[in-house]
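Chemist: Whatever this is, show me its structure:
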Amino acid sequence: MNESAECLICRSGLYADEFGRYACRHCTDRVDEHLRALAGRKGLYARLSSQLAPRVGNGVARRSPGAVQPPYRSGWMCST
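Modeler: Coordinates of the predicted model:
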């Protein structure tokens, strides 16, 4: 529980009816609004899904300059 009686986001004092909470009503409403903007079929996350999906892009493989390709291994834990 939040023992300091202040909002952990904006650091303003909590009102008596907010004691025991981590955030004030204003910050809680703002976080709820941002989360709602992410959700749904037309939400921000859905609109960005093609850019956020792994291996999606312009088709060009990206490697760090100077990156060395790992050696080829024909089998897992081969015994000799």
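Chemist: I'd like to know which helix or strand in this protein has the lowest mean pLDDT.
Modeler: Ranked by mean pLDDT, DSSP states H and E, the weakest helix or strand in the chain is helix 49-52, scoring a mean of 67.
Chemist: Roughly how far does residue 19 sit from residue 25?
Modeler: Applying C-beta to C-beta, to the nearest Å, one obtains 12 Å for the distance of residue 19 from residue 25. Quick note: C-beta positions are derived from backbone N, CA and C, even for glycine.
Chemist: Give the full set of residues in contact with the closest residue to residue 14 other than its chain neighbours.
Modeler: Leaving out its chain neighbours, the residue that sits closest to residue 14 by C-beta to C-beta, 6 or more residues apart in numbering is residue 5, at 5.1 Å. Residue 5 is in contact with 13-14, 19, counting by C-beta atoms under 8 Å, 6 or more residues apart in numbering.
Chemist: sorry, back to before: spell out which residues are contacts of both of residue 19 and residue 25.
Modeler: If you check residue 19 and residue 25 against C-beta under 8 Å, 6+ apart, no residue is contacted by both.
Chemist: The nearest residue to residue 10 once chain neighbours are set aside - how many residues pack around it?
Modeler: Residue nearest to residue 10 in three dimensions, not counting chain neighbours: residue 27, with 5.5 Å by C-beta to C-beta, 6+ apart. When counting by other C-beta atoms under 10 Å, one arrives at 17 neighbours for residue 27.
Chemist: Residue 35 versus residue 12, what's the distance?
Modeler: In this structure, residue 12 and residue 35 are separated by 21 Å, where distance is defined by C-beta to C-beta.
Chemist: how deep is residue 14 tucked in, by neighbour count?
Modeler: Here the count is done by other C-beta under 10 Å, and residue 14 has 19 residues near it.
Chemist: let me fix that: residue 23
Modeler: Residue 23 has 19 neighbouring residues, counting by other C-beta under 10 Å.
Chemist: So it belongs to a strand, correct?
Modeler: No: when DSSP: H, G, I helix; E, B strand; the rest coil is applied, residue 23 is found to be coil, with no strand at that position.
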